[in-house]
Every structure is written in C-alpha cells, then in structure tokens.
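In: Here is the input, now give the coordinates:
(one chain, ligands or ions: 1)
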Amino acid sequence: MLASLDSPGDSSYVGSPFLFPFFCFLNSLGTTDWAKEDCSEMDENTPSDEFDWDSNDENEIQKSPSASCLNSSITGRKEGTIPGEANSSAGNGPSNSKLIRHFVGMGFSENLVAKAIKENGEENTETILEAQILEALLTYVALEKSPPEGGQSVYSDMHSSDSDGDSNIRRTEIDGDFLDDLSDVDELSDVSGCLGDEENMDHLSDKERKLLHLVDMGYYIEEASAAIDRCGPDSSIMELTDFISAAQMARASDAQMGELPRLPPDDQPGPSHIQIDPRNKKRRSFDDERWEKKRQRGYEKKVLDEDEDTVRLPNPMVGFGVPGEPAVMIHRTLPEGATGSPYFYYENVALAPKGVWRTISRFLYDIEPEFVDSQHLCAAARKRGYVHNLPIQNRHPILPLQPRTIHEALPLTKKWWPSWDRRTKLNCLQTVTASAKLTERIRRALEGCEGIPPLKVQKDILDECRKWNLVWVGRNKVAPLEPDEIEMLLGFPKNHTRGGGISRTDRLKALGNSFQVDTVAYHLSVLKDIFPRGINLLSLFSGIGGAEVALHRLGIPLKNVVSVEISETSRNILRSWWEQTNQTGKLIDFPDVQQLNGDRLEQLISSFGGFDLVVGGSPCNNLSGSNRVSRDGLEGRHSSLFYDYFRILDLVKSIMGKN
Ligand code: SAH
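Out: Numbering: from 1, shown residues only. As a prediction, the model looks like this:
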C-alpha cells in the first residue's frame, strides 16, 4: 500500500486526490521523527511470530518528503524557529501568508488556519511553531470547533473531497499501514492511568482529551466518540483503541463470513487437533464425540447470543476486589456445572477481540470472567481476564505487598525522573524491548533543549517512554527495564529466569508472557484453607511457573505437579526453581498440551488420586492488541490452544467424576 503513497509530492503518487493533503496532515500529527526514524528495529531477536511487520515500508516513509512535514519542529529545536524561517512572523506579512499557505496546503481551510495563527502567537510571533498551530487545528477538528464561517470542518472537507465518495473509508484504512509502520512497537501503549497528564490540555474535558488523543492516533472522530460512549468516559486509551479495533475486526469478519460463526475446519488448529491415540479407539471416539457436541453447543449458543458478544471491561479493572480496597463482590453463585472438582483457573489477555471472552466463558461452564489489571497489585499494568470456579471470600495477598509505584519499585530512578514525566505506573511488561537507538535519540533530543523541553518534545518522549516502559537512569537518559527488574515487578524470585543457558531475549519473552504472581496468588489464596496439606496441580501452559511460584509463596505445599509446557527453556526454568526451592513433591513435565490425552490423564489421576487445581493461561498471540498481523482471535494458530485447556479440563472432570 505504501508503495503507492511513498511520496505524495512526486509524480508517481497515485492516491486519490484528497490523499495528498491528508497524507501531509497525518505525517504532521506529532509522530516523532527523531524517535521513529529507526525504532521499529526491535531487539535483534524479537520473536517474529508475535511482532512481524514490514519495516521496509517505514524506510519508504522516511524517504518521503512528506514525512518531514514536522520533522524539525520536534527535534528538540528551540521554540520559535521554523525551518527556513528563523525570523518568521505570524503577524501580517509575507511569512504569515507562507504559514497560511503551508497549512492550507495540508488541507485546512484558510479561516481555520488564520484562527489558529491568531490564537497561537499573533501577540508573540517569535514563539509560533508549526506544531502549535497544527495542534490547534487538530483540536478544532477533533472537537469540531471550526469557526462557523469556516463552514464544514477540515475533517469533513477532507472527506468530502474523496472522489470515491466512500464515506466509510477510515483514516486508518487510508493510511493505517502508514501509521502502523511508523510505530515502533506492537501496542498502542497501555496508557491507562497516565493519559493526558503530561499535556497542557487542562482546558479540555476528559472526553475531549481522549477524543483528541484518538484522533491524533489516526482514528475517525465518529468511531472514537462511539468508543467512548460505549466503553464509558473513564476508559483508558488502550481500552478505547481496543474497542475500536475489535469493532473493525468484527465488521471485517462479518463481511467475510456472513452472519454465521465459522467452525474451525478439520485441518486447522483448534478443537479438531485433538490428539488421536491409535491404542484406544474407544476413548478417542468418546472424547471426540463429546468434544464435538460441546463445541457445537458453544457455537450454537454463540449464534443465539450474538448480540451479547461484547464483554464490558470494568473500570477500574479490579475484578471482585484487590488487596487494600473494599471488595467489589464477596459472594457469587456459580452456574450449574461449574462447581465440583477440580478447581480451575484460566487466564488470558483482557483486551481480546470481540466475542473471545464470551466464547471462553461459554466453554468454561458459563462463568463470567474476572478482569483484573495487575497495576492494582504492583507497579506495572497487566490487564488480564480470569475464568475460575474458586471461592472469592477471604482472599489474602502474599506478603510483603509489592511496591505499587515506579519510584517505590525502582527507587534509583527517582533521582533522574523529570518533573514532566508524571507516570507512577509502568505499562504492561512486554516480550520485547526498546532499541539502544531510541534511547540515544531521546538523549540527543533532550540535550538539544535548554532547561525544560518544549511540550511537544515532552509529549513525544513520554509516548515512547510509555510504549516501551522506559525509565530514567541518568540525566537525559532513559533505559528499558532489565529482566531482573521485570522479574521483581512480576513477583518472581530474583534470578528466576537468569542463567542456565537462557538468553536475555528468551528471558524477556518468557517474562512478558507470564502471570503476575501477586495477582494470581491473591486469587489462589483461598485454596490454603481448603487444602492445608497441599495440592495436586495440573499446570497447562506453565511457562516459567507463575502458578507454581504463586502457590509456593502462599505456603501451599505442592504435592504433585504435572506441568505441560512446550518451551524447553521454560521447562528448565521451572525445574530449576523446583530444585532450588527444595520442593518435596513431584514435578512431572510434558511438552505439548495437544499430546495430553485421556489415557495419560487417567494414568496420572489414578496414580495420585486426582487433581485439585487445573491452571492455565493459553497463548495470547492471536488475541493481544500487540499483534497487528495475525490477531485472528480464538481460532488463531496459537490462541486456539484454549480449546485444549477446555478439552483437558473437561476430561479431568469426567475421569475424576467417574472415579
Ligand atoms: N502462565 C505462564 C505463561 C503462559 S504463556 C507463566 O506464568 O509463565 C503461554 C505458554 O504456553 C507459553 O509459555 C508457551 O510456550 C506455551 N505453549 C504454547 N504452545 C503450547 C503447547 N502446544 N503445549 C504446551 N504449552 C504451550
């Protein structure tokens, strides 16, 4: 797509006539060129499976003259200078008309530009920046504040000139790849709790600020507004963007599949990949039949409940309650069929595409998910949904409580933290890390500023800091978190993932996927009184053992642990932890959940009398907002392993019930 848009100014430009001003306009939306220049470069070993975008497109953009619409205005350049117009004036005069021409050339109406110039520096012409004017213009547009004499808003002007007349074309469809490719990372930053506090936008209401932010990110004002209405005024930007993309996905898939939900084809991953054991045809056909019925039932319900597919995420995301806060709910009645042995606990990302949590919930005996953001238990956000049949009274946290703010968790950063960075929480800890080039660029940008950097520079740096969880480690110096710090934030023991042949990249990946131990422990804490002598645990998708560590830290003895984890590195980490913590129980591990069939489960169950708890957080690769390439929902290659969680749990229930 970008090939045709690589240079709107050049003769090869083949986009629709309205794209040129629009392109320029979008390029100037504050995307930080110093920061973006090469930031798509991930850690050299970034797991391509999860983050895979075409960075060549980015290079093309950088070559494009339009990409520098605002280049110099955000490179730490001193306020008051405009490229080639060091002495420019916004007052009457030739440079003023030049500015007007410049913005009119982007597609804004002359009236609007005049208004922005007037409001932003007529009195003090030396301090006019393109960026300031542009932001003002953008604000008018976003808030539909264009002056009456301006007639239509710039926004609608732009659309009305769409020769195709396709009013449904979204900005991100037109230029979505372009914006996506300019962003460094997967995720639109999990900015909940920190949005907007750095910007001098006090005059705007919260809703207006969010609208502006979303428009600034490239969304249509209509869809941004609808998302705020739907998700509620307190929703975070992450939740809103997720809502918007889920809506887009749903529209796209509706268009693709008609009204009916698609059953996974036999040769696709998903329920149909149940392992067939040639030794036991009877069991196999029983399992398959039972499974097929259940699957069908799940889908039938899905058809019936199509309208109720959207699970509303609570705000604040505290589930049934978090330590230190009054409980939101102290009693719940579980649906019939959800109770009984064993207890189970399933986890996945809260911000999954539309319908995913409904489906998960339907399969897991109609239990409503409990959504919790771990920022209520530690200093980093981690929004997760948990479907479980555990009691919810008398939960208790593991002690000591985790530090809840960045400065408490990472006290050495405090000294260097600039006053204009008002973050108190880190964003979700990811599997990837920022490049050295980005931190270098930030340092250079700051060194180019005298004193407190201009708002625009602050904003751009803060965007990067949020996106990449950068912390201040020196004067003008930000750095990504070290794996040791991430381990600590997630509640793992020091050096849990260190050594034994594991690379830094693998550490980050394993940690990025793991449970936040304090959160999970808080939920599992109720088991302590129920099983004072310890538990038998079936741990599916164990990773680095978030559940095992949580139970151990709660003081719940681990009698028999059957751990199923495909990554040998993670299995080694868990085993090494097992040995170091002098566990007296037995750890049995298997690589692949897909291989865990009824026979094997029956053997295990008969050898130690059944499982007390079945834990698992299946892969979120195709669910998380960070995946812009294959966010295929629950039928995606990795995420369909959820069905194995259900299959195995259901088998365990039935075998234990029979016994
Ligand atoms: N809860 C875990 C992490 C879960 S992430 C923790 O606390 O660390 C999902 C995990 O599923 C990853 O570790 C991934 O390696 C594992 N996985 C992926 N496919 C699998 C499969 N077929 N069988 C077993 N584990 C698998």
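
In: Show me which residues of stretch 358-366 are buried.
Out: For stretch 358-366, a neighbour-count test (16 or more other C-beta atoms under 10 Å) marks 358-365 as buried. Where you see a C-beta, it was placed from the backbone N, CA and C, and this is true even at glycine.

In: got the residues you listed as TSV, with secondary structure and distance to H213 columns?
Out: Below are those laid out as TSV (DSSP: H, G, I helix; E, B strand; the rest coil; distance: C-beta to C-beta, whole Å):
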residue	secondary structure	distance to H213
R358	helix	28
T359	helix	31
I360	helix	30
S361	helix	31
R362	helix	34
F363	helix	36
L364	coil	35
Y365	coil	39
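
In: ok, now which ones touch the residue nearest to A350 when sequence neighbours are not counted?
Out: Nearest non-adjacent residue to A350, counting by C-beta to C-beta, 6 or more residues apart in numbering: K383, 4.0 Å away. The contact partners of K383, taken as C-beta atoms under 8 Å, 6 or more residues apart in numbering, are 190, 192, 238, 313, 317, 349-351, 371-374, 428.

In: switch the cut-off to 7 Å
Out: By C-beta atoms under 7 Å, 6 or more residues apart in numbering, the residues touching K383 are 190, 317, 349-351, 371, 373, 428.

In: Which of the residues you listed has the largest number of neighbours?
Out: D190 (31 neighbours; other C-beta atoms under 10 Å).

In: just for the protein, where's the confidence low?
Out: For the chain, applying pLDDT under 70 flags the ranges 1-98, 102, 105-107, 119-204, 216, 218, 220, 245-310, 624-631, 659.

In: Give me every residue in it lying close to the ligand.
Out: For the chain, the residues in contact with the ligand (C-beta under 6 Å from any ligand atom) are 513-515, 541-544, 546, 564-567, 570, 592-594, 617, 619, 641.

In: 8 Å - rerun?
Out: Residues of the chain lying close to the ligand by C-beta under 8 Å from any ligand atom are 347, 510-511, 513-515, 517, 520, 540-547, 549, 564-567, 570, 590-594, 615-620, 638, 641, 644.

In: Nearest to Q402 among the buried residues of stretch 358-366?
Out: Nearest to Q402 among those, counting by C-beta to C-beta, is I360 at 27.3 Å.

In: Look up how far A114 lies from that closest one.
Out: 54 Å (C-beta to C-beta, to the nearest Å).

In: what sits against the nearest residue to V478 once chain neighbours are set aside?
Out: Of all residues not flanking V478 in the chain, L470 sits nearest, at 3.9 Å (C-beta to C-beta, 6+ apart). By C-beta under 7 Å, 6+ apart, the contact list for L470 reads 434, 439, 464, 478-480.

In: Show me how to select, in PyMOL, the buried members of those residues.
Out: PyMOL command restricting the contacts of L470 to the buried ones, with burial defined by 16+ other C-beta under 10 Å:
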select buried, resi 434+439+464+478+479+480
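
In: Of the contacts of L470, which belong to helices?
Out: 439, 464 (DSSP state H).

In: of all the contacts of L470, which two lie farthest apart?
Out: Going by C-beta to C-beta, the pair spanning the contacts of L470 furthest: E464 and A479, at 12.1 Å.

In: Against L634, how distant is L538?
Out: Relative to L634, L538 is positioned 21 Å away (C-beta to C-beta).

In: And for R332, the neighbour number?
Out: Using other C-beta under 10 Å: R332 sits among 14 other residues.

In: repeat for I566
Out: I566 is flanked by 17 other residues according to other C-beta under 10 Å.

In: correct me, but it touches D592?
Out: Yes. Assessed by C-beta atoms under 7 Å, I566 is found in contact with D592 at 5.6 Å.

In: that older thread, the residue nearest to A350 bridge partners, please.
Out: Beta-bridge pairing for K383 (DSSP bridges): D373.

In: Now the phi/psi pair for K559, please.
Out: Main-chain dihedrals, K559, degrees, to the nearest 10: phi -80, psi -60.

In: quick one, phi/psi of A380?
Out: phi -130, psi 140.

In: can you pull the contacts of it?
Out: Here A380 is in contact with 374, 425-426, 428-429, 489 (criterion: C-beta under 7 Å, 6+ apart).

In: Sort out for me which of the residues you listed are in helices.
Out: With helices defined by DSSP H, the entries of the contacts of A380 inside them are L489.

In: could the contacts of A380 go into a markdown table alongside distance to P532?
Out: Below are the contacts of A380 laid out as a markdown table (distance: C-beta to C-beta, whole Å):
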| residue | distance to P532 |
| --- | --- |
| S374 | 28 |
| K425 | 36 |
| L426 | 36 |
| C428 | 35 |
| L429 | 34 |
| L489 | 31 |
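
In: Nearest to D460, out of the contacts of A380: which one, please.
Out: Using C-beta to C-beta, L426 is the member of the contacts of A380 that lies nearest D460, at 18.8 Å.

In: Distance check, the closest one against L587.
Out: Counting by C-beta to C-beta, the gap from L426 to L587 is 32 Å.

In: Look at the two and report which has more neighbours.
Out: L426 (27 against 21).

In: So what pairs up with the more buried one in the strands?
Out: With DSSP bridges as the criterion, L426 is bridged to A380.

In: State the distance from it to P557.
Out: According to C-beta to C-beta, L426 stands 33 Å off from P557.

In: in whichever strand or helix holds K653, what counts as buried?
Out: Using DSSP states H and E, K653 falls within helix 642-658. Neighbour-count burial for helix 642-658 flags 642-653, 655-656 (criterion: 16+ other C-beta under 10 Å).

In: need the residues you listed in a markdown table with distance to Q583, can you?
Out: What follows is these, written out as a markdown table (distance: C-beta to C-beta, whole Å):
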| residue | distance to Q583 |
| --- | --- |
| F642 | 29 |
| Y643 | 31 |
| D644 | 26 |
| Y645 | 24 |
| F646 | 29 |
| R647 | 28 |
| I648 | 23 |
| L649 | 24 |
| D650 | 29 |
| L651 | 26 |
| V652 | 22 |
| K653 | 26 |
| I655 | 25 |
| M656 | 24 |
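
In: From those, pick the one nearest the ligand.
Out: Distance to the ligand across these (C-beta to the nearest ligand atom) is lowest for D644, with 7.1 Å.

In: got a list of what that closest one touches?
Out: The contact partners of D644, taken as C-beta under 7 Å, 6+ apart, are 593-594.

In: What of V471?
Out: Applying C-beta under 7 Å, 6+ apart, we find V471 in contact with 406, 410, 413, 478-479, 481.

In: cutoff 8 Å now
Out: Per C-beta under 8 Å, 6+ apart, neighbours of V471: 406, 410, 413, 426, 465, 478-481.
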